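>>> I need the structure of the sequence given here:
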Amino acid sequence: MPNANGLNKCLTVFDQDSTVVAVVEMSQSSWLVAGIVPGVERRPLKKLDSDEHDLLDLLHRWRDEALKAGCKVTRITVAYEAGRDGFWLARWLRARGVEAHVIHSSSVAVSREHRRAKTDRLDTRLLKRSFLGWLRGEANHCSMAAIPTLDEEDAKRPNREHQSLVEERTRIINRMKGALTRLGIRGFKPTLRRAAEHLDELRTPNDEPMPPNTQAELRRDMTRLCLVKEQIKEIEATRNHQLAAAPKKGTHPMLRLLARVMGIGIETADMLVNEMLSRDLRDRRAVARFAGLTGSPDESGKRRREKGLAKAGSARVRRGMIQLAWRWLWFQKDSALAQWYRARTADGRRTTRKVMIVALARKLLIVLWRMVTTGEVPEGVVLRPAAS
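Numbers count the residues shown, from 1 in each chain. The predicted structure is shown next:
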């Protein structure tokens, strides 16, 4: 069903006499559903098993109650907070004619009391107030998350799995090196292909063989490392095959264009495109906010200071862009952005460089967003030859 609503406020006129409003407080074992039914004075509250069919039956029952009370229902709206369940329920409800929304949890204002009562019943009341304000078109009540399609969600999985496997590979290698260091064994590289065959030859500084438990642990770690490496290669090979087989499918043109920029590898391009650049972002300010690369000013009276990054956006995009900003200075030395950075860090102070690299990451992200949306190549940027 088409979504004519914005994310910060509803753009559809809200008529409470013809709209069933419901919010769901979700948990693994049960759902607590609170509603506002036209023509019914009571505020219904129902606890259900975590089953989407029971939820739909409940919404239809509330609609029938409104009809018996003389109110014609033309709209059923449901909202729940983003969390472990993701977006599947919203997609499922929308496919059955129910207007479903997912609320950003951090956008709902809560009490600042040090110890406040928190129950599912109180949470549903808070969600109802925020959701009603959003439906009325009032600003700053809450904001909604953009609900991706199943294909858009699935496109993020290879890069996220690849990142998780790379981190696991690093952990295994560090663990093996730490085990060898504790025994005083140096110069042995446990990451080599045939390293397991030479474990029996290793000796401690006292010319003693490696203890059996430590040797068994290292062998298991090496076996695990081989499996992780094979899985990483499998993910990379599958992605390269998909890009070659369908270069113009979906977000592949964006990914191939980004990968042509010197200093941007296929992994970084895949992450940026599927996590952010393929979204329908309004302007450059929305781009910076999504990555959490905007500032957080603190002003009160005469006091004015900057508390640093807001960090309210995607941590994955933010970390990737800061790493890319450092690489950009090496691979794109003659670009306008690199020259801008060098001009502002000419004094050589370390604090200035660390602050300005964040500013460079923000500018670079905006430039790349314009590049994939309008085709505008940044000034002075070196591109790899286009693949045939």
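>>> helices of this structure, start to end?
Per DSSP state H, the chain carries helices over the ranges 52-68, 88-94, 120-135, 150-155, 157-182, 212-245, 252-259, 266-272, 284-290, 315-331, 336-344, 350-374.
>>> so which of those helices is the most packed in?
Of the helices of the chain, the one with the most neighbours on average (mean count of other CB atoms under 10 Å) is helix 266-272, at a mean of 21. C-beta: built from backbone N, CA, C; applies to glycine.
>>> about what we covered before: dump the helices of the chain into CSV; add mean pLDDT and distance to K9 as well.
As requested, the helices of the chain are exported to CSV (pLDDT from 0 to 100; distance: least, CB to CB, whole Å):
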stretch, mean pLDDT, distance to K9
helix 52-68, 95, 23
helix 88-94, 96, 18
helix 120-135, 92, 6
helix 150-155, 92, 24
helix 157-182, 95, 31
helix 212-245, 95, 38
helix 252-259, 93, 29
helix 266-272, 95, 28
helix 284-290, 90, 15
helix 315-331, 94, 25
helix 336-344, 93, 35
helix 350-374, 91, 24
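>>> F290 and M276 touch, don't they?
Yes. Counting by CB atoms under 8 Å, F290 touches M276, with 5.9 Å between them.
>>> quick check: neighbours shared by the two?
Jointly contacting F290 and M276 under the rule CB atoms under 8 Å, 6 or more residues apart in numbering are S314, V317.
>>> hmm, back to that, and the helices of the chain as a markdown table, adding distance to P38?
Converted to a markdown table, those look like this (distance: least, CB to CB, whole Å):
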| stretch | distance to P38 |
| --- | --- |
| helix 52-68 | 5 |
| helix 88-94 | 19 |
| helix 120-135 | 13 |
| helix 150-155 | 33 |
| helix 157-182 | 42 |
| helix 212-245 | 49 |
| helix 252-259 | 45 |
| helix 266-272 | 46 |
| helix 284-290 | 35 |
| helix 315-331 | 42 |
| helix 336-344 | 56 |
| helix 350-374 | 43 |
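>>> show me the protein divided up by domain.
16-147, 154-245, 253-374 (automatic domain parsing).
>>> end-to-end on the last one?
Length of domain 253-374, first residue to last, CA to CA, to the nearest Å: 12 Å.
>>> can you report phi and psi for the spatially most central residue of the chain?
Centre of the chain computed as the mean C-alpha position; nearest residue by CA atoms, centre = their mean is S314, 4.9 Å away. Phi and psi for S314, reported as degrees, to the nearest 10, are phi -80, psi 120.
>>> okay, it: pLDDT?
Looking at S314, its pLDDT stands at 88.
>>> contacting residues around it?
With contact taken as CB under 8 Å, 6+ apart, S314 is in contact with E275, M276, F290, A291, G292.
>>> ok, so of the residues you listed, who is nearest A34?
A34 lies nearest to F290 out of those, by CB to CB, at 30.7 Å.
>>> let me see the contact set for the closest one.
Residues near F290 by CB under 8 Å, 6+ apart: M276, R279, L281, G313, S314, V317.
>>> next one: P38
Contacts of P38 (CB under 8 Å, 6+ apart): Q16, D17, S18, T19, V20, A66, A69, C71, V73.
>>> please repeat the previous calculation with a cut-off of 6 Å.
By CB atoms under 6 Å, 6 or more residues apart in numbering, P38 lies in contact with D17, A66, C71.
>>> which of the contacts of S314 has the largest number of neighbours?
Highest neighbour count within those: A291, with 29 neighbours (other CB atoms under 10 Å).
>>> surely that one touches V317?
Yes. Counting by CB atoms under 6 Å, A291 does reach V317; the two are 4.5 Å apart.
>>> burial count for R303?
If you count neighbours by other CB under 10 Å, R303 ends up with 7.
>>> can you tell me how far it is from P297?
The gap separating R303 from P297 is 11 Å, by CB to CB, to the nearest Å.
>>> pLDDT at D85, what is it?
pLDDT, read off for D85, is 89.
>>> likewise the one 10 residues further on?
pLDDT for A95: 95.
>>> contacts only, for it.
By CB under 6 Å, 6+ apart, no residues touch A95.
>>> and S106, how far from K118?
According to CB to CB, S106 stands 16 Å off from K118.
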